[in-house]
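Engineer: 3D, please:
(one chain, ligands or ions: 1)
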Amino acid sequence: MHLTKEARAQLPQPHMNTSVIVALDLDSREEVLHLVQTLGQEAMAYKVGLQLLTAEGPSLVRELVAQGKQVFLDLKLHEIPSSVAAGVSAAGRLGATMVTVHASAGSAVLRAAVEAAKPFGALKVLALTVITSLGDEDLPEIGLAPSVKEQVMRLAHLAANAGCHGLVASAQEAAYLRDALPAELLIVTPGIQFQDSGRTEQTRVATPDMAARLGASHVVMGRAIVKASNPGLALSRAAMAFEAGRRERVLA
Ligand code: C5P
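Structural biologist: This is a model prediction of the structure:
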């Protein structure tokens with residue numbers, strides 16, 4: 001029986017870890033396929049961003065989808081409504097299950113993105129609010145009042161009202177967004193590392209369990225898994241920690 005990519009993406013998977021999305025911030029198809037093979041059935045969701053898409057093109061996304069993987073296409077769209085809609089449709093045709101749009105592009109763009117995703121049942125539109133590398137002190141130079149929290153809240157409400165399925169937000173942001181927004185909204189949280197990773201360059205970071213406790217529905221993890229000496233073990237550890245945090249949140 002031949003199933004469309006959309007139908008395949010809707011099928012229940014045998015053993016799914018889709019809460020931890022592995023960021024494929026890599027340059028080559030070989031590296032990606034090696035990692036995907038190493039992680040095997042343990043990893044069912046991957047994020048493909050501008051680096052890999054530019055280096056290897058959409059055929060790699062098709063390959064991942066053909067292997068039954070969920071692909072979060074991190075396009076970070078910020079364009080006029082018709083161009084964003086066309087980008088979202090293209091992502092849907094590739095079989096992506098998540099695509100990102102900048103909320104600061106405005107409600108017409110967000111509505112166009114949501115509308116364009118409709119024919120692809122599994123495709124979720126995630127809105128980006130304020131990129132996580134910006135702090136309060138950076139906002140005035142782009143003409144915004146110096147409160148990341150205020151901007152995030154305003155743009156998150158805009159995205160939710162436009163019908164977006166979720167948000168990309170740091171763990172700290174997830175804490176207040178989860179309480180302020182509809183419960184069904186996805187909150188996908190990057191900036192995740194293990195407690196003992198020793199990485200210090202990121203200020204807004206959290207562990208997988210912390211993110212889940214604060215309300216994240218998914219976490220995105222790149223280097224903490226991809227660069228680990230044993231990526232499979234790192235993924236299992238992240239998945240277990242996320243699940244423990246999620247349970248704690250449900251029981252609290
Ligand atoms: O830091 P890590 O390697 O886990 O990053 C994986 C992905 O998460 C990156 O592709 C980037 O898009 C996103 N990220 C982010 N904010 C951070 C750190 C990472 O949006 N503070």
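Engineer: who are the contact partners of the residue of the stretch 151-252 of the chain found nearest the ligand?
Structural biologist: Residue nearest to the ligand within the stretch 151-252 of the chain (CB to the nearest ligand atom): residue 222, separated by 2.6 Å. Where C-beta positions appear, they are placed from N, C-alpha and C, glycine not excepted. Residue 222 makes contact with 22, 23, 24, 25, 47, 190 under the criterion CB atoms under 8 Å, 6 or more residues apart in numbering.
Engineer: can you rerun that using 6 Å?
Structural biologist: Listed by CB atoms under 6 Å, 6 or more residues apart in numbering, the contact partners of residue 222 are 23, 25.
Engineer: likewise for residue 48?
Structural biologist: Residue 48 makes contacts with 24, 61, 71, 73, as judged by CB under 6 Å, 6+ apart.
Engineer: cool, residue 42 as well?
Structural biologist: Here residue 42 is in contact with 17, 235 (CB under 6 Å, 6+ apart).
Engineer: what's the spacing between the closest residue to residue 139 other than its chain neighbours and residue 251?
Structural biologist: The spatially closest residue to residue 139, leaving aside those adjacent along the chain, is residue 146, at 4.8 Å (CB to CB, 6 or more residues apart in numbering). Per CB to CB, to the nearest Å, residue 146 is found 37 Å from residue 251.
Engineer: contacts for stretch 84-94, please.
Structural biologist: Here stretch 84-94 makes contact (CB under 6 Å, 6+ apart) with 58, 61, 73, 75, 77, 99, 109, 112-113, 116-117, 120, 123.
Engineer: can you get me a residue count around residue 185?
Structural biologist: Neighbour count of residue 185, defined by other CB atoms under 10 Å: 20.
Engineer: strands along this structure, start to end?
Structural biologist: Per DSSP state E, the chain carries strands over the ranges 20-23, 45-48, 70-77, 98-102, 124-128, 166-168, 186-189, 218-221.
Engineer: any chance of these in TSV, plus mean pLDDT?
Structural biologist: Converted to TSV, these look like this (pLDDT from 0 to 100):
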stretch	mean pLDDT
strand 20-23	98
strand 45-48	98
strand 70-77	98
strand 98-102	98
strand 124-128	98
strand 166-168	98
strand 186-189	98
strand 218-221	97
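Engineer: how about these in JSON lines, adding distance to residue 153?
Structural biologist: Formatted as JSON lines, those follow (distance: least, CB to CB, whole Å):
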{"stretch": "strand 20-23", "distance to residue 153": "24"}
{"stretch": "strand 45-48", "distance to residue 153": "25"}
{"stretch": "strand 70-77", "distance to residue 153": "20"}
{"stretch": "strand 98-102", "distance to residue 153": "16"}
{"stretch": "strand 124-128", "distance to residue 153": "13"}
{"stretch": "strand 166-168", "distance to residue 153": "11"}
{"stretch": "strand 186-189", "distance to residue 153": "13"}
{"stretch": "strand 218-221", "distance to residue 153": "20"}
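Engineer: can you pick the most crowded of the contacts of stretch 84-94?
Structural biologist: Result: residue 113 is most packed of those (other CB under 10 Å), 31 neighbours.
Engineer: shouldn't that one be in contact with residue 100?
Structural biologist: No - using CB atoms under 6 Å, residue 113 is not in contact with residue 100, being 9.4 Å away.
Engineer: can you give me every residue that contacts residue 166?
Structural biologist: For residue 166, the contacting residues are 124, 126, 185, 186, 188, by CB under 6 Å, 6+ apart.
Engineer: pLDDT score for residue 227?
Structural biologist: Each residue has a pLDDT score; the one for residue 227 is 96.
Engineer: now residue 140: how far from the ligand?
Structural biologist: Between residue 140 and the ligand the computed distance is 21 Å (CB to the nearest ligand atom, to the nearest Å).
Engineer: check contacts around that residue.
Structural biologist: Residues counted as contacts of residue 140 (CB under 6 Å, 6+ apart) are residue 146.
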